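Sequence first, predicted model second:
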Amino acid sequence: MQHLLLTNIKQLCQIETGTERKSRVSGQAMKVLPSLENAWLYLENGHIHSFGKMDEVHTIQCNDIVDVSGRMVLPAWCDSHTHLVFAAPREQEFVDRINGMSYEDIAMRGGGILNSARKLAEMDEHELYDQSHRRLLEVIRQGTGAIEIKSGYGLNLEAELKMLRVIRKLKENGPIAVKASFLAAHAYPLEYKENKAGYINLIINEMLPRVADEGLADYMDVFCEKGFFSVDDTDRLLEAGWKYGLKPKIHANQLHNSGGVQVGVKHKAISVDHLECVGPDEINVLSSADTMPTLLPAAAFFLGIHYQPARQMIDAGLPVCLATDYNPGSCPSGNVPFLLTLACTQLRMTPEEAINAVTLNGAAAMELENEMGTIAMGKKANLIITRPMPSPAYIPYDFGNNPVERMILNGAFL
Ligand code: NIG
Ligand code: FE
């Protein structure tokens, strides 16, 4: 039996006691990060067994004891929106944007997502896996303990399947929880530029059945955006996804207020993600839905567009989730600690709200809330041990530095 006892934890953050488990944190409650000071935490067989105050630690018998004085212990980050599988960076487009082009201009001339699709088509599956695995290990060292990864740089049957097989291999080889989203509806390939209905039919009639048949995806994603997939296209695609049991998790309202939130909620999306361009109507629609609003401020930062109205959403009582959007175009970073800093400085979320957004709410946005996202009895022991620091607020405060000293995955040190 595998055991580990952590002692003298300065602050054990995001705990849940009692038998009732929260499935998400919303509104006012997001300001609270339930914690225990001067604590111990006992792990058994990869799971959280128990925890308490240091003055009652004598009740635990364990040979493997690690003293973590001065450090915070938190549940690992749950990053619910990434495009971590890609073949090549796109730094030239970054320079083009500095020189005045917009993200949409670049996409219109065949760059952007289509650029990534060309690079991915040329790369063999093993190399794509090796690169992606390296990226995964890098984000784990920054605290990520569960992640969602999308296809969407394939844009034809073979290449989409290649991406999804790479994601499946990352899932199998771990060491963290991985969820896969099928995003063939990310951009129209050049050969379908004048035949958009043809590409949608290809997704619905050829790609979806294969993806579902091979069990390669957990979710269905669509880039619902002006110039990409319209609300009507999204409506058809999400309906088709549901027929194969793929729940929606979609890109919505990034560049325009174009109805993405409404169509996502209509199809009972697990989450609607981006939300730079939302107003009172969207907040209202989300208030009566279970769909998780997921904000991706690191993409807004990198594209230089305006930030998501997190304050209005939380003040309206909504839960808010944060995710990185790690991808080679709009956010070439999967760094959650930096995301937390952006959430605090640009979205005016408090450190507690930001940490709730990327732990329990991140888990909920991947349907992992029963296994991850809080320190609770029976949950998976994927944990962050920070460097010595005074409080959780120090994590977003100390920006640009990695707060993580060590990671525990499945109950063991990485
Ligand atoms: O979430 N907006 C659509 N998809 C990605 C960007 C993909 C890319 O530029 O490669 C995003 O920002
Ligand atoms: Fe994205």
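All right, it came through fine. Ligands and ions are numbered 1, 2, ... in the order given.

ok, now which ones touch residue 334?
Listed by Cβ atoms under 8 Å, 6 or more residues apart in numbering, the contact set of residue 334 reads 79, 82, 84, 135, 138, 139, 142, 144, 324, 326. For the C-beta atoms, the positions are set from N, CA and C on the backbone; glycine is no exception.

ok, now with 6 Å
139, 324, 326 (Cβ atoms under 6 Å, 6 or more residues apart in numbering).

Name the nearest residue to the second one, sequence neighbours excluded.
Using Cβ to Cβ, 6 or more residues apart in numbering and skipping residues adjacent in sequence, the residue nearest residue 324 is residue 334, 4.9 Å away.

And the first one, by the same measure?
Using Cβ to Cβ, 6+ apart and skipping residues adjacent in sequence, the residue nearest residue 139 is residue 334, 4.0 Å away.

So which of the contacts of residue 334 is the closest to residue 181?
The shortest approach to residue 181 among the contacts of residue 334 belongs to residue 326, at 13.2 Å (Cβ to Cβ).

In the chain, what residue lies closest to ligand 1?
The chain approaches ligand 1 most closely through residue 329 (2.2 Å), counting by Cβ to the nearest ligand atom.

can you confirm that residue is in a strand?
No. Read with DSSP: H, G, I helix; E, B strand; the rest coil, residue 329 is coil and lies in no strand.

Report how many residues lie close to it.
By other Cβ atoms under 10 Å, 25 other residues sit near residue 329.

what does residue 10 give?
Other residues near residue 10 come to 20 when the count uses other Cβ under 10 Å.

Show me which residues of the stretch 151-300 of the chain are close to ligand 1?
Proximity of the stretch 151-300 of the chain to ligand 1, by Cβ under 6 Å from any ligand atom, involves residues 223, 251, 254, 299.

Which of those ranks first by neighbour count?
residue 251 (29 neighbours).

Would you state the helices of the stretch 101-250 of the chain in chain order?
Along the stretch 101-250 of the chain, counting by DSSP state H, counting those that start in this stretch, helices occupy 103-108, 113-122, 125-141, 157-173, 196-202, 208-213, 231-243.

tell me which residues in the last one are buried?
Buried residues in helix 231-243, counted by 16 or more other Cβ atoms under 10 Å: 231, 233, 234, 235, 236, 237, 238, 240, 241.

which other residues reach that helix?
With contact meaning Cβ under 6 Å, 6+ apart, helix 231-243 is reached by 185, 200, 204, 208, 220, 222, 224, 248, 259, 263, 267.

What about the residue lying closest to residue 392 once chain neighbours are set aside? Give its phi and psi, please.
Spatially, and ignoring its direct neighbours in sequence, residue 392 is nearest to residue 13 (5.4 Å; Cβ to Cβ, 6+ apart). Note on residue 13: its backbone torsions stand at phi -100, psi 150 [degrees, to the nearest 10].

Tell me, please, the helix or strand in the protein that averages the lowest pLDDT.
Least confident element among the helices and strands of the chain, by mean pLDDT, DSSP states H and E: helix 103-108 (a mean of 91).

Show me what counts as buried in that one.
Neighbour counts over helix 103-108 (16+ other Cβ under 10 Å) mark 103, 106, 107 as buried.

The second one is in contact with residue 92, isn't it?
When you say that, I think you mean residue 106. No. With contact defined as Cβ atoms under 6 Å, residue 106 and residue 92 do not form a contacting pair (9.6 Å).

per-residue confidence for residue 62?
Per-residue pLDDT puts residue 62 at 87.

what about it, how many neighbours?
17.

cool, the one 10 residues further on as well?
Look at residue 72: counted by other Cβ under 10 Å, it has 24 neighbours.

Ok, the one 10 residues further on next?
The tally of other residues near residue 82 (other Cβ under 10 Å) stands at 25.

which residues in the stretch 201-350 of the chain form strands?
Taking DSSP state E, counting those that start in this stretch as the criterion, the stretch 201-350 of the chain contains strands spanning 219-224, 247-252, 271-274, 292-295, 321-322.

I'd like to know which elements the first one is packed against.
I take that to be strand 219-224. strand 177-185, helix 231-243, strand 247-252 (3 or more Cβ pairs under 6 Å, 6 or more residues apart in numbering; DSSP states H and E).

Give me the residues contacting it.
150, 181-183, 185-186, 229, 234, 237, 241, 246-252, 260.

about what we covered before: Serialize the helices and strands packed on strand 219-224 to TSV and add fields for mean pLDDT.
Formatted as TSV, those follow (pLDDT from 0 to 100):
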stretch	mean pLDDT
strand 177-185	98
helix 231-243	98
strand 247-252	98
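
can those go into CSV with extra columns for distance to residue 62?
Putting the helices and strands packed on strand 219-224 into CSV (distance: least, Cβ to Cβ, whole Å) gives the following:
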stretch, distance to residue 62
strand 177-185, 26
helix 231-243, 47
strand 247-252, 40
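
just to revisit the earlier point, from the strands of the stretch 201-350 of the chain, which stretch is densest packed?
Comparing these on average neighbours per residue, with mean count of other Cβ atoms under 10 Å, the densest one is strand 321-322 at a mean of 32.
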